[in-house]
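Q: Quick one, what's the 3D model for this:
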Amino acid sequence: MKETSFSDLEVAEAMADAARAVILPLFRQSNLETANKLADGFDPVTIADRNAEKAMRDVLAKHRPTDGIFGEEFGRVQGSSGRTWVLDPIDGTRGFISGTPTWGVLIALSTQDGPIMGVIDQPYIGERFVGSADIAQVTGPTGTMPLKTRPTPSLDQAILFTTFPEVGTPEDRAGFEAVAQHVQLTRYGMDCYAYALLAAGQVDLVIEAGLNAYDIQAPIAVIEAAGGVVTDWQGNPVHEGGRALAAANADLHAAALDLLRHH
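A: Numbering: from 1, shown residues only. Now for the predicted structure:
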């Protein structure tokens, strides 16, 4: 099989459209069955997660048959092109089953060095955040606008988002709290939408831990395209997951990183 003439962005948009089409009819349905992936704890998954990933994989089978795939629900498929599509069909399933519009479809295109393009799609609101070397924009109910992170100069003026205490160890949370006590405002539990808001210039920092590659690769691409910085808590690449620090600019990143390193 050979690739179609679709651009990578067109393929990503087709995947996001396909995921929207199968997810939306299931959102806010009171009879939606939820399974738990964990014996100890709660990591929910629904038919919406699985159907959305299948729909995205079908798009890739048609348009990018030589690329690899790494998805949360159905694992890895090795490709021959050196490129991998990293998929989280519903990032924030806890939010999804609670009816909040903070979950999203995450799509990243990556090489071994990390993501080169990312999409954060929020189907219910109808917002799509896209980032690569060539584009940084959001398309939504009010039209299409460029993405640009904020120039906030210091932590005491910053807005911080996190999913703690829901995700992460007590030690992880201590690192987050070392930064939280210096910021102007802290908000909780926004899933991938927090990263989208950072890219859109609405907030300044996102600090999380316990992430998988499919949780963070699309946000990395979108935020970096918008002018932000995303690393682990030591300042190293974080595209394989773990502890993530996303910041609107280099100064805020340096200030938060110093606190995380020494907490």
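
Q: Could you list the single helix or strand in the chain with the lowest mean pLDDT?
A: Ranked by mean pLDDT, DSSP states H and E, the weakest helix or strand in the chain is strand 34-36, scoring a mean of 69.

Q: And the helices in the stretch 151-263 of the chain?
A: Counting by DSSP state H, counting those that start in this stretch, the stretch 151-263 of the chain has helices at residues 170-180, 193-199, 213-225, 250-262.

Q: Spatially, which residue comes closest to Ala55, not counting chain neighbours?
A: For Ala55, ignoring the flanking residues on the chain, the nearest one in space by C-beta to C-beta, 6 or more residues apart in numbering is Ala18 at 4.0 Å. From N, CA and C alone the C-beta is placed, and that goes for glycine too.

Q: what's the answer for Phe161, then?
A: Excluding the flanking residues, the one nearest Phe161 by C-beta to C-beta, 6+ apart is Ala194, at 3.7 Å.

Q: Return the residues in contact with Val229.
A: Residues in contact with Val229, defined by C-beta atoms under 8 Å, 6 or more residues apart in numbering, are Ile223, Ala246, Ala247, Asn249, Ala250, His253.

Q: partner residues bridging the third one?
A: On the basis of DSSP bridges, Ala247 takes part in beta bridges with Leu205, Val229.

Q: how about it, what does it touch?
A: Residues near Ala247 by C-beta under 8 Å, 6+ apart: Leu198, Asp204, Leu205, Gly228, Val229, Val230, His253, Ala256.

Q: would JSON lines of those with distance to Val179 be doable?
A: Formatted as JSON lines, those follow (distance: C-beta to C-beta, whole Å):
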{"residue": "Leu198", "distance to Val179": "14"}
{"residue": "Asp204", "distance to Val179": "11"}
{"residue": "Leu205", "distance to Val179": "7"}
{"residue": "Gly228", "distance to Val179": "16"}
{"residue": "Val229", "distance to Val179": "14"}
{"residue": "Val230", "distance to Val179": "15"}
{"residue": "His253", "distance to Val179": "11"}
{"residue": "Ala256", "distance to Val179": "5"}
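
Q: from these, which single one is nearest Val86?
A: Val230 (14.4 Å; C-beta to C-beta).

Q: circling back to that earlier point, so who does the residue nearest to Phe161 touch?
A: Residues near Ala194 by C-beta under 8 Å, 6+ apart: Thr102, Phe161, Thr162, Thr163, Arg187, Val203, Val206.
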